[in-house]
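K.L.:
what's the 3D shape of this:
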Amino acid sequence: MLECIRPVNIVVHAAAKFGKHRVRSTGQFLLIFLVLHFIRTSSSGGISLGAHLVCAKAPGLTDKQRAMCRSSPSAIAAIGDGLKMAYEECRAQLSGHRWNCSGVGDGNHFGHVMPLATREAAFTYAITSAGVTHALSMACARGELPGCGCTGNKRRTINTIEQFQWGGCGSSAYGARLARRFLDARELERDGRTLMNLHNNRVGRKVSEVVKDLVHRECKCHGVSGSCAMRTCWRALPQFRTAAATLRDKYKRAKLVMPHPPTNPQDINVRTHLVIKRQKHPGLGRQPRKSELVFLEQSPSYCEPDTAAGSFGTHGRICNRTSRGEDGCETLCCGRGYSTTRSVEETKCRCQFHWCCNVTCSKCVTTVETHLCN
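P.N.:
Prediction:
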C-alpha cells in the first residue's frame, strides 16, 4: 500500500539514494546535499530554520528559486535527481562527438551552463529541463510531492477483477509546472539569450510530457512467499533515455535564430521574439516552431581547448579507427592524427557446464588496440 509520504521521509530516502553515487561538486548537487542533510520538517509539513539557512546560502540561485527551495524541499530533492539524470544522459547521447557534454554540470554554481548561445547550449538547456520535468513527474506519481494532488481516490484504488490496487498519485503536468517555475526563474535578463533559453526549456518540458504518455503498469506482489495474492501497481513513466534520444535528434536539426524587436515600439502587445536567420536570402524568416531547438551563435570546432567557448578539445580522446561517423579518428581528432596503444587482456572463454553443478572455462588471450587523438 502506498501512502502520501511526508517530506521528512523523502529527505531520508533521497539521502540513502544519493549515498550510492558520487555527488558532483556542482551548485545543484551541493544544494541537494545540504537540503538532504540539514532540512528537517515538522509533522505538519512546516519548513524549519535549517531550510531557510541552507537555501539562502546555496550558490547561483535566484530569489524565486530560493523561495521554492524553502517551501518545497521534497521537490528540490527530485530536481536534484533530474539534473543528475540529465547530465549523465547528455554524456551518453553524445559520447562519440567532439562536444560530448564535458564540463556540463561541473560548475560551482547554478546558472548558465554554456557560455556561448550555440546549438550545444540549446541541447543542454532542453535536456536539463526534460530531466527535471521527468524526475518531478515520477516523484509526483509515487506520491512523494505533497502538493501534487495526493488524494485518497488517486492514491489507492482497488481493481476487483485482477486483484491489484493502484498506488501513487498525482499528474505529471504538475511536474512540468514545477520544472518551469524553477528553471525559468533563472532567466532574469530581457535579451536574445533569455528568449533562446526559455524556448529550449519549453521544448525539453514538452518532449518529457509527450514521452510520459507512454506510461506502463508496474506491479509489486504481496502475499506469503511472494504468492502474489495481492499486487500493488503504479503507472510508471518510460525510461528517460527515450526523451533524451528525441532531444538528440532535435539538437542535430536545431535552427539558427535571431531576436526580432517589434516594428512599432509603442505597440505593447508585440514583444521581441525569435525568428529563423536566413543564410542565403535576405529578409526575416519564420518564427521557430515550438518543437524546434534554437540557437543564436555558430558552434566552434571543439577541436582545441577554449574556456571562453566551453571547449575542452579532443586531445587524448578515444576514437574509432574504422568509423566514418562522429566518433571516427578522422573526424574526432580534427586531422591531427592519432596514436595506437596495445594491451593484452586475458578473459574466460569456451565455458562448459558439467552436471552437476560445475562450470569450466578456458583462458583466452587477446590483444586490444586503443586509438587516442593526438
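K.L.:
List the residues that contact the spatially most central residue of the chain.
P.N.:
Here the mean C-alpha position of the chain is nearest to the C-alpha of residue 86 (C-alpha atoms, centre = their mean), at a distance of 1.9 Å. Contacts here follow C-beta atoms under 8 Å, 6 or more residues apart in numbering; on that basis residue 86 touches 127, 128, 130, 131, 132, 240, 244. Where you see a C-beta, it was placed from the backbone N, CA and C, and this is true even at glycine.
K.L.:
got the buried residues for the helix or strand hosting it?
P.N.:
Using DSSP states H and E, residue 86 falls within helix 73-93. Applying a neighbour-count criterion of 16 or more other C-beta atoms under 10 Å, the buried positions in helix 73-93 are 73-90, 93.
K.L.:
Skip ahead from that helix and say which helix or strand is next.
P.N.:
Per DSSP H and E, the first helix or strand lying C-terminal to helix 73-93 is helix 119-141.
K.L.:
Show the average pLDDT along that following helix.
P.N.:
Averaging pLDDT along helix 119-141 yields 92.
K.L.:
Show me what it is packed up against.
P.N.:
Where contact means 3 or more C-beta pairs under 8 Å, 6 or more residues apart in numbering; DSSP states H and E, helix 119-141 is packed against helix 73-93, helix 172-184, helix 192-212, strand 230-236, helix 240-252, strand 294-295.
K.L.:
before we move on, the earlier item: ok and the helix holding residue 86 relative to helix 119-141, angle-wise?
P.N.:
Angle of helix 73-93 versus helix 119-141, following axes from the mean of the first three to the mean of the last three C-alpha atoms, to 10 degrees, is 140 degrees.
K.L.:
Show me what the mean pLDDT comes to for helix 73-93.
P.N.:
Average pLDDT, helix 73-93: 89.
K.L.:
quick one: that helix to helix 192-212, angle?
P.N.:
Taking the same axes, to 10 degrees, helix 73-93 and helix 192-212 form an angle of 90 degrees between their directions.
K.L.:
now helix 73-93 and helix 240-252, what's the angle there?
P.N.:
Taking the same axes, to 10 degrees, helix 73-93 and helix 240-252 form an angle of 60 degrees between their directions.
K.L.:
Tell me the secondary structure at residue 256.
P.N.:
Remark: residue 256 carries the secondary structure label strand [criterion: DSSP: H, G, I helix; E, B strand; the rest coil].
K.L.:
contacting residues around it?
P.N.:
With contacts taken as C-beta under 8 Å, 6+ apart, residue 256 has the following neighbours: 276, 277, 279, 294, 295, 296, 298.
K.L.:
returning to what we had before: skip the chain neighbours and tell me the closest residue to the residue nearest to the centre of the chain.
P.N.:
Excluding the flanking residues, the one nearest residue 86 by C-beta to C-beta, 6 or more residues apart in numbering is residue 131, at 2.9 Å.
K.L.:
wait, that neighbour sits on residue 79?
P.N.:
No. Taking C-beta atoms under 8 Å as the contact criterion, residue 131 and residue 79 are not neighbours in contact, 9.1 Å apart.
K.L.:
And for stretch 307-327, what's in contact with it?
P.N.:
If you take C-beta under 8 Å, 6+ apart as the criterion, stretch 307-327 is touched by 95-99, 102-103, 114-116, 120, 300-306, 328-334, 336, 338, 340, 369-374.
K.L.:
How about the contacts made by residue 118?
P.N.:
Contacts were defined as C-beta under 8 Å, 6+ apart; by that measure residue 118 touches 295, 296, 297, 298, 299, 300.
K.L.:
in a strand, that's where the fourth one is, yeah?
P.N.:
To tie it back to what came earlier, the one meant is residue 298. No. Counting by three-state DSSP, residue 298 is not part of a strand but coil.
K.L.:
quick one, phi psi at it?
P.N.:
Here the main-chain torsion angles of residue 298 (degrees, to the nearest 10) amount to phi -70, psi 150.
K.L.:
How about residue 304?
P.N.:
According to degrees, to the nearest 10, residue 304 has phi -120, psi 150.
K.L.:
pLDDT score for it?
P.N.:
Looking at residue 304, its pLDDT is 96.
K.L.:
Pull up the gap between the closest residue in space to it that isn't next to it in sequence and residue 122, please.
P.N.:
Counting by C-beta to C-beta, 6+ apart, the nearest residue to residue 304 once its immediate chain neighbours are dropped is residue 313, at 4.8 Å. As defined by C-beta to C-beta, to the nearest Å, residue 313 lies at a distance of 21 Å from residue 122.
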